[in-house]
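Novice: could you look at this predicted model? Sequence included:
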Amino acid sequence: MMPFNKLSRVGALVLLFLVGSSVESPAQSSGVRPKAEIRTTVRVELLTDRRGAPLAAQRWAKLFQQFQVPLRIRRGLGGERTAVRETTSGRTRQVTVVGKLDRSGRILVPGKSFSPGNPTTLGNWLKELGTFGAKGNPTGQPAFGLTEGQFNSLFETLAQPVRTDLSGKPLTEAIAAVGIPPSLSLDLASLGADPIVPPRTNGKGLARGSTLAALLAIRGLAFRPRRTPAGRVQLQIVKPVVGNTAGTTTWPLGWPPRLSRLKTARPLFQIVPVNLDKAAFLDVVDTITEKTEVPMLIDHHGLGTRKIDPNRLTVTLPAKKTSWFQLQKSITNPHHLTRDLRIDEAGKPFILVTPIQVKPINKK
């Protein structure tokens, strides 16, 4: 949040408007209703400099009557900064916006500005404050719109290991076995059909977050955290939007390693002799997992969309010495597959086998 320049220190009140009444929000959003309603009121204070902006103030006063939000315009005191704050008492939440009214008539608040020529944008923002509180609508915000404390707590919960192999279970039963706390309100109603989890979907000991993402990927789905209007954290099952980076809109299936590949998964870089003659692809995958204890997961939905059946793939390699990591590349690339080294929420490494993404040619 970038503070505005300090305003001149003065004591006189230039202009005061108290317009309209409080905005009350039912604290609900499409599809999800919190456990209890919360009553939210929003009020706005606009600071002016020594000269003020009387014409703009009059225009905004009329608009705020339409917004039904109390507005106060006053002379700024030295050191005052713009801010959006909230206080909560029981089921009542008060959101206070302190903005700046500049000489051009714009309203400046932290990270945003609103012009009198487009008042609808401001009105929509105030409605979001009345629904979600001072943090605003979480959609599109960093860290899924969660506070730092909420995100850290969720991450710690999702970093707990899943000790069992979930293959062969119905999908809903497998997700239940992940152990997602009921407080996160994961709704499985949107899953539809209940397929059997194929082998190599999850790795024994991988964290809840990556395991849940891998299970949902069977159906081409994903999940994302959601901050409800009442400020709680829930997990929402969604269909990823094609063209968006998964990490920005949904919880990722694994994270980029923080360290070098060697330090992240040292067993994969052991040099071993290989000599394969039409060996079953999945047998080689299982051997690598067994020898290195680094799980190899398969993106079954992704392979299915490319009509690649891993049960029918074979591998032929001449006698040579190579690392397990290089061997993974040698068995995947000929079948238009790639392997990606990732870590789960607890830092445990695993490999995800996915189809090679063909980038469209940019014709100029």
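Specialist: Thanks, I have the structure now. This one's a predicted model, so the numbers in the text were calculated from it and none came from an experiment.

Novice: hey, let's count contacts and neighbours off CA atoms from now on
Specialist: Noted.

Novice: can you show me the helices along the stretch 101-250 of the chain?
Specialist: Using DSSP state H, counting those that start in this stretch, the helices found in the stretch 101-250 of the chain span residues 119-132, 148-158, 171-178, 208-217, 246-249.

Novice: point out where the stretch 1-150 of the chain drops to low pLDDT.
Specialist: Per-residue confidence for the stretch 1-150 of the chain (pLDDT under 70) gives these ranges: 1-37, 137-142.

Novice: kindly recompute the last result at 80.
Specialist: Within the stretch 1-150 of the chain, the stretches with pLDDT under 80 are 1-38, 50-53, 78-79, 91, 111, 131-143, 145, 147-148.

Novice: for it, what spans make up the strands?
Specialist: 39-48, 71-75, 83-89, 92-101, 107-109, 112-114 (DSSP state E, counting those that start in this stretch).

Novice: kindly reformat those strands as a markdown table containing mean neighbour count.
Specialist: Output for these, formatted as a markdown table (neighbours: other CA atoms under 10 Å):
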| stretch | mean neighbour count |
| --- | --- |
| strand 39-48 | 23 |
| strand 71-75 | 23 |
| strand 83-89 | 14 |
| strand 92-101 | 22 |
| strand 107-109 | 21 |
| strand 112-114 | 14 |
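
Novice: just to revisit the earlier point, right, so the helices of the stretch 101-250 of the chain: which one is the most enclosed?
Specialist: Each of these was scored by mean neighbour count; the highest is helix 208-217, a mean of 25, by mean count of other CA atoms under 10 Å.

Novice: give me the mean pLDDT for that one.
Specialist: Helix 208-217 shows a mean pLDDT of 96.

Novice: need the contact list for the residue nearest to Leu221 when sequence neighbours are not counted.
Specialist: Among residues not flanking Leu221 along the chain, Lys239 sits closest, at 4.7 Å (CA to CA, 6 or more residues apart in numbering). Under the criterion of CA atoms under 8 Å, 6 or more residues apart in numbering, the neighbours of Lys239 are 220-222.

Novice: the closest residue to Pro256 other than its chain neighbours pairs with what?
Specialist: Nearest-residue entry for Pro256: Arg342, 5.3 Å, with adjacent residues in sequence omitted and distances by CA to CA, 6+ apart. Beta-bridge pairing for Arg342 (DSSP bridges): Phe350.

Novice: quick check: the nearest residue to Val162 once chain neighbours are set aside vs Arg266, distance?
Specialist: Nearest residue to Val162, sequence neighbours excluded (CA to CA, 6+ apart): Gly205, at 5.1 Å. Going from Gly205 to Arg266 by CA to CA, to the nearest Å gives 18 Å.

Novice: which of these two has more residues huddled nearby?
Specialist: Shown here are Gly205 and Arg266; by other CA atoms under 10 Å, Gly205 has more neighbours (17 against 14).

Novice: next, give phi and psi for that one.
Specialist: The phi/psi pair for Gly205 (degrees, to the nearest 10) reads phi 90, psi -10.

Novice: re earlier: save the helices of the stretch 101-250 of the chain as a markdown table, and put in distance to Ser330 too.
Specialist: Listed next are the helices of the stretch 101-250 of the chain as a markdown table, based on distance: least, CA to CA, whole Å:
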| stretch | distance to Ser330 |
| --- | --- |
| helix 119-132 | 51 |
| helix 148-158 | 33 |
| helix 171-178 | 32 |
| helix 208-217 | 24 |
| helix 246-249 | 27 |
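
Novice: go through these and name the closest to His301.
Specialist: For His301, the closest of these is helix 208-217, at 6.6 Å, according to CA to CA.

Novice: now the angle from that closest one to helix 171-178?
Specialist: Between helix 208-217 and helix 171-178, the angle comes out at 180 degrees (axes from the mean of the first three to the mean of the last three CA atoms, to 10 degrees).

Novice: show me what helix 208-217 is packed against.
Specialist: helix 148-158, helix 171-178, strand 222-227 (3 or more CA pairs under 8 Å, 6 or more residues apart in numbering; DSSP states H and E).

Novice: ok, which of those comes nearest Arg261?
Specialist: Comparing the helices and strands packed on helix 208-217 by CA to CA, helix 148-158 comes nearest, at 22.9 Å.

Novice: other residues contacting the closest one?
Specialist: With CA under 8 Å, 6+ apart as the criterion, helix 148-158 contacts 143, 180, 207-209, 233, 345.

Novice: likewise stretch 312-325?
Specialist: Under CA under 8 Å, 6+ apart, the answer for stretch 312-325 is 267-282, 288, 292, 331, 335.

Novice: ok, stretch 270-279 next?
Specialist: Contacts for stretch 270-279 (CA under 8 Å, 6+ apart): 314-324.

Novice: can you redo those residues as CSV with distance to Ile356, secondary structure and pLDDT?
Specialist: Listed next are the contacts of stretch 270-279 as CSV, based on distance: CA to CA, whole Å; DSSP: H, G, I helix; E, B strand; the rest coil; pLDDT from 0 to 100:
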residue, distance to Ile356, secondary structure, pLDDT
Thr314, 18, strand, 97
Val315, 17, strand, 96
Thr316, 20, strand, 96
Leu317, 21, strand, 96
Pro318, 24, strand, 95
Ala319, 26, strand, 96
Lys320, 26, strand, 95
Lys321, 26, strand, 97
Thr322, 22, strand, 97
Ser323, 21, strand, 97
Trp324, 20, helix, 97
